[in-house]
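Peer 1: predicted coordinates and the sequence they were generated for:
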Amino acid sequence: MARVVVLGAGLGGVIAAYNIRKEVPKQDEVIVINENSFYQFVPSNPWVLVGWREREDILVDLAKPMKKRHVQLIVGAAKKVDPDAKSVLMSDGTSVPYDYLVIATGPELAFDDIEGLGPESGFTQSVCHIDHAQSGRAAFEALCEDPGPAIVGAVQGASCFGPAYETAMIIETELRKRKIRDRVPMTFVTSEPYIGHLGLDGVGDTKGLLESEMRDRHIKWITNARVKKVEATRMLVEELNEDGTVKTEHDLPMKFSMMLPAFRGVAAVRDIEGLVNPKGFIITDQHQRNPKYPEIFGIGVCIAIPPVGKTPVPVGVPKTGFMIESMGNAVAENIGALRKGREATHEATWNAICIADFGDGGVAFIAQPQIPPRNVNWSVSGGWVHTAKVAFEKYFLRKVRTGHAETFYENVALGLLKTHKIKH
């Protein structure tokens with residue numbers, strides 16, 4: 001009998017746990033450790049920010065589906081992974097031993113990298129967590145009561161840009177609905193070298209599509225941006241040239257801001273030599289397996305992936321849902337193979353699918369693989385994208401509640417490709 005422990009119950013952790021349970025022998029234990037008893041559908045957080053969703057709309061209590069799939073759920077915070085002892089030390093002093101460990105923690109949000117950044121001790125809001133989106137709603141309502149300049153974007157070192165674009169467009173849509181858009185000047189501030197880069201050097205014509213959306217909605221933008229400091233009523237930003245020198249310094253007035261932070265590895269794994277890189281991200285091979293500790297696998301936002309190219313301001317690579325799903329599936333198949341006495345040979349596809357909602361329209365893209373050069377490099381915009389995102393949310397949450405979320409993104413990608421008659 002073996003014990004497989006999954007650390008984290010976000011998208012990657014849930015999918016991995018469900019699939020591992022199918023792949024390993026019945027007598028094996030599959031255990032999920034998570035700080036909370038619920039799964040949160042993070043893509044819906046921009047809707048929470050403007051009041052289009054409530055907290056309970058996008059959360060799933062994990063106890064019932066985990067029990068249905070014969071997966072044990074431990075609710076608590078992991079303090080430190082001890083790879084030599086093959087155990088996870090919990091914050092309450094207990095430890096959880098493992099034969100195989102799948103690290104799917106997601107990131108720690110590096111708000112402290114920039115003075116004044118973040119919702120807790122700073123002056124900017126976030127959509128990275130349901131708690132942040134909820135507290136951000138109060139700030140958004142305050143903006144609506146007393147309109148003024150709004151800044152949305154992603155700071156240097158960020159590796160997740162889609163939610164920044166979504167939040168900017170959704171806020172703009174809601175302001176128009178409330179008839180106060182004319183009183184809220186908006187600026188999009190991003191570390192990307194150009195609008196629509198997305199940490200992927202663009203997908204299809206994301207540059208043209210997103211620039212067009214910005215112009216149509218009268219949202220100004222600053223690219224190659226390095227945020228120096230945020231104060232209660234202003235943001236200090238350096239705009240860099242291609243060679244990294246300062247082109248312009250911006251002193252932007254601000255009544256409201258949502259800025260995505262840079263990510264780093266969580267404290268439970270940071271500083272473990274051979275397991276993580278200097279930023280605390282899990283080092284993995286093509287089989288999602290750590291070279292030094294082969295019984296440890298990593299999936300999702302917490303793994304180390306180099307940037308797609310050099311940029312004036314540091315820009316990370318996003319780990320999108322389709323990519324994370326493929327990692328979870330590969331890990332499950334590899335652990336199943338090891339339990340059967342075979343080698344780990346399965347590799348994630350690392351494809352990307354994104355349905356970015358803009359409140360009354362949106363942009364969808366597919367990149368196969370996510371990192372160029374690609375076999376499929378496609379993007380499209382239209383009003384149907386908003387409807388698709390709503391259906392996407394409803395269907396996926398139902399899948400999580402019933403314990404059947406293993407190949408959701410793959411099916412959505414195939415459906416989009418078939419609908420738009422794109423060869424893959």
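Peer 2: Okay, I see it. Numbering: from 1, shown residues only.

Peer 1: switch to C-alpha atoms for all contacts and neighbour counts from now on
Peer 2: OK.

Peer 1: do you know how far Phe123 is from Met235?
Peer 2: According to Cα to Cα, to the nearest Å, Phe123 and Met235 sit 9 Å apart.

Peer 1: please read the previous query as pertaining to Lys207.
Peer 2: Lys207 sits 25 Å away from Met235 when distances are taken as Cα to Cα.

Peer 1: more crowded one of those two?
Peer 2: Met235 (21 against 16; other Cα atoms under 10 Å).

Peer 1: nearest spatial neighbour of the more buried one, skipping sequence neighbours?
Peer 2: Spatial nearest neighbour of Met235, excluding adjacent residues (Cα to Cα, 6 or more residues apart in numbering): Leu252 at 5.1 Å.

Peer 1: doesn't that neighbour lie inside a helix?
Peer 2: No: if the criterion is DSSP: H, G, I helix; E, B strand; the rest coil, then Leu252 is strand and not within a helix.

Peer 1: correct me, but it touches Arg234?
Peer 2: Yes: counting by Cα atoms under 8 Å, Arg234 is a contact partner of Leu252 at 5.3 Å.

Peer 1: looking at those two, which one has more neighbours?
Peer 2: Neighbours were counted for Leu252 and for Arg234 using other Cα under 10 Å; Arg234 has more, 20 against 15.

Peer 1: list the contacts for the closest residue to that one other than its chain neighbours?
Peer 2: Residue nearest to Arg234 in three dimensions, not counting chain neighbours: Pro253, with 4.4 Å by Cα to Cα, 6+ apart. Contacts for Pro253 (Cα atoms under 8 Å, 6 or more residues apart in numbering) come out as Pro149, Thr233, Arg234, Met235.

Peer 1: mind listing the helices for this structure?
Peer 2: 11-23, 45-49, 63-68, 130-145, 162-177, 206-216, 321-339, 384-402, 408-419 (DSSP state H).

Peer 1: buried ones in the third one?
Peer 2: When you say that, I think you mean helix 63-68. Of all the residues in helix 63-68, those buried under the rule 16 or more other Cα atoms under 10 Å are Ala63, Pro65, Met66.

Peer 1: equivalent analysis for the first one, please.
Peer 2: Buried positions in helix 11-23, judged by neighbour count with 16+ other Cα under 10 Å: Leu11, Gly12, Gly13, Val14, Ile15, Ala16, Ala17, Tyr18, Asn19, Ile20, Arg21, Glu23.

Peer 1: packing partners for it?
Peer 2: Using 3 or more Cα pairs under 8 Å, 6 or more residues apart in numbering; DSSP states H and E as the contact test, the elements touching helix 11-23 are strand 3-7, strand 29-34, helix 321-339.

Peer 1: let's go with 6 Å and repeat that
Peer 2: With contacts taken as 3 or more Cα pairs under 6 Å, 6 or more residues apart in numbering; DSSP states H and E, helix 11-23 sits against helix 321-339.

Peer 1: about what we covered before: return the member of the buried residues of helix 63-68 nearest to Ala138.
Peer 2: Ranked by distance to Ala138 (Cα to Cα), the buried residues of helix 63-68 are led by Ala63 at 30.6 Å.

Peer 1: thinking again about what came up before, most packed of the helices of the chain?
Peer 2: Most buried of these, by mean neighbour count (mean count of other Cα atoms under 10 Å): helix 45-49, with a mean of 27.

Peer 1: show residues contacting that one.
Peer 2: With contacts defined as Cα atoms under 6 Å, 6 or more residues apart in numbering, helix 45-49 is touched by Arg53, Glu54, Val127, Ala133, Gly136, Arg137, Thr167.

Peer 1: look up how far Gly359 lies from the fourth one.
Peer 2: In this case it means Ala133. 16 Å.

Peer 1: cool, and the first one?
Peer 2: Using Cα to Cα, one obtains 13 Å as the distance from Arg53 to Gly359.

Peer 1: how about Arg183?
Peer 2: 19 Å.

Peer 1: and these two? Which one has more around it.
Peer 2: Just comparing Arg183 and Gly359: by other Cα under 10 Å the higher neighbour count belongs to Gly359, 23 against 13.
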